[in-house]
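> Provided below for reference: sequence and predicted model.
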2 protein chains.
Amino acid sequence: MSEEIHQAETVGADRDPVFSKCAQSADDATAGALPPALDRDQAPRNLAFLLSQVGIHASRRFAERLAEVDLQPPHFRVLNLVDAAEGRSQQEIAAAVQAPPSRMVAFVDELERRGLVERRADPRDRRVRALYLTAAGREALAQGREVARRHQEELTQGMSEAEQQQLTDLLRKVVDEQKIGAGVHPGFGSKDLSR
Amino acid sequence: MSEEIHQAETVGADRDPVFSKCAQSADDATAGALPPALDRDQAPRNLAFLLSQVGIHASRRFAERLAEVDLQPPHFRVLNLVDAAEGRSQQEIAAAVQAPPSRMVAFVDELERRGLVERRADPRDRRVRALYLTAAGREALAQGREVARRHQEELTQGMSEAEQQQLTDLLRKVVDEQKIGAGVHPGFGSKDLSR
DNA sequence: TATTGTTATACTCTATAACTATA
DNA sequence: TATAGTTATAGAGTATAACAATA
C-alpha cells in the first residue's frame, strides 16, 4: 500500500521509563497503545503522505458504508456503468472499469444472482451478453448513491462551502497534471481499500 | 476498493454508430479504447471520489518508484519506524504500524535477510527481539526518503507553493476532522496500492 | 483466424490460531 | 497465567491462460 512516514525526525529521544508508564496507564485502550516515542501527535506536513492517507481512508470508509446496503465497491461501480450505458457487452463495461474479462464474469454472476442485472442476448452478435439493469438493480443503485451522498457529507464535515470548493479545485488540478484519467479510478478491487 | 462513479448522468445518449467509429480510430491505443459513452472527459466534481482517486494514484505511484530502490512500502515504513525508535521490540513496532505480529515477523525476516535490520537480544527480557538498523539499513532508508522527495515533487508538479500549502492545510483539516490518527497510515500492505 | 465470454488454476497478501520460550 | 515471537494454515482477491461458441 502506500505512502510513507517522514515523521521519524521528531522521535527517538525518550525511551523505556516513559514508555512503561504509558503502556500501563489506564485510559489509553486505543490511543495510548503506542509508546509515546512512536505516537507522535504532530500531523505530518508531507503532502504526498497526506494525499495517500486521506484517500485511502476515504475509500475504506466508503466501502464500509456501502456494505450496509450489501454492495461492494466493484459491484456499485459496475451498476453505475451499466446504468450509464445499458445494452453494452460485458467486455465493454469491463474495459471501462479496467477489469480483466474473467473478473467481470464473477461480478456479473453475482449481480445477476441477486437479480440486479440481466444478461441478454444480442441479436447482432450471438457471442455477446448485453447488460441491463433490473428494477431491483436501479433500486440498489439508488441506495448506493444515497450512501455516497452521506459519505461525502461525512467526509466534508467541518469544512465550509468555500473550502470544499478549494479542495475540489486543487485535487482536480492534480488529476489533470498527473494525467490520471478523468473518471477512471485506479484500482478496481474492493479489498484494496477495505482491509 | 473504493470511491465511486457518479459521472453516470452525463452518459448514455449516443450508442453504436459513434462507438464503432471510435473503436477503430487509429490514434487511440490508450485513450480511445473506451467507447465514448463510457469515456466521459468531464472530470468528476465529486470530492469524495477525487480524494480516493488521487490518494490511490499517489500511493500506487509511490510504490512503483520505491520498487526502483528495491523497497516495498511496508518495508520502508518499518525502516522508518525502527529508525525513529531503535531498540524497541518487534511487537512495539508492529503495533505502531498496526500490523499483526505474524506479518511483522515476515517483514523483519526479509529486512534481516537483506542485512538492513538487526534483531538483538534484550538482556532484560529474553523473549523480546530488539530491532536496530544496520549501516546498510540507514543507506536504504536514505534512498527511500530520496524517492519520497522526488515522488512529492512529481505529485506537486504545476502547483504553486501557495497551492501546495493550501492543499496541505485542507487535507490536514480532513485528517483532524475525521479523526484519522495523525501519523497513522490506514492500510499497511503494499499490494493495496500497487495493483 | 480473431473475439466473447467462461472456466481452471496458480499466486499473493492477509489474518487467525496453535505453538515455544520465556516471564 | 500471560506475553514475545514464530509457524502453519486457510481464506480472499487477483491475474493468466486454456477453452467453447461464434464471427
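The structure has been received and is ready for your questions.

> quick one: residue A:106 and residue A:69, what's the gap?
According to Cβ to Cβ, to the nearest Å, residue A:106 and residue A:69 sit 20 Å apart. Backbone N, C-alpha and C define where each C-beta goes, glycine included.

> now swap in residue A:114 and tell me
12 Å.

> So which of residue A:106 and residue A:69 has more stuff around it?
Taking other Cβ atoms under 10 Å in any protein chain shown, residue A:106 and residue A:69 do not tie; residue A:69 has more neighbours (14 against 11).

> My guess is the more buried one contacts residue A:141. True?
No - contact criterion Cβ atoms under 8 Å: residue A:69 and residue A:141 do not qualify, at 10.1 Å.

> Helices of chain A, start to end?
Using DSSP state H, the helices of chain A run over A:16-24, A:47-67, A:73-84, A:90-96, A:101-113, A:135-155, A:161-177, A:191-194.

> Excluding chain neighbours, what is closest to whichever residue of chain A sits closest to chain B?
Taking Cβ to the nearest Cβ, chain B has its nearest neighbour within chain A at residue A:55, 1.1 Å off. In space, and not counting its chain neighbours, residue A:55 is closest to residue B:55: 1.1 Å by Cβ to Cβ, 6 or more residues apart in numbering or on different chains.

> and if you look at residue A:177?
Leaving aside its sequence neighbours, residue A:177 sits nearest to residue B:158 (Cβ to Cβ, 6+ apart; 4.3 Å).

> just checking, that neighbour touches residue A:173?
Yes - in this structure residue B:158 lies within contact range of residue A:173 using Cβ under 8 Å: 7.1 Å.

> more crowded one of those two?
More crowded of residue B:158 and residue A:173, by other Cβ under 10 Å: residue A:173, with 16 against 10.

> Would you enumerate the residues in contact with the more buried one?
Applying Cβ atoms under 8 Å, 6 or more residues apart in numbering or on different chains to residue A:173 gives the contacts B:158-159, B:163.

> what does the domain assignment say about chain A?
Residue ranges for the domains of chain A, per automatic domain parsing: A:1-44, A:46-194.

> Going by mean pLDDT, which of the ones you listed comes out lowest?
Ranked by mean pLDDT, these bottom out at domain A:1-44, which scores a mean of 32.

> Give the burial count for the residue of chain A closest to chain B, as a bare number.
Neighbours of residue A:55 (other Cβ under 10 Å): 31.

> you'd agree it is up against residue B:60?
No - the pair residue A:55 / residue B:60 is not scored as a contact, 10.4 Å apart, by Cβ under 8 Å.
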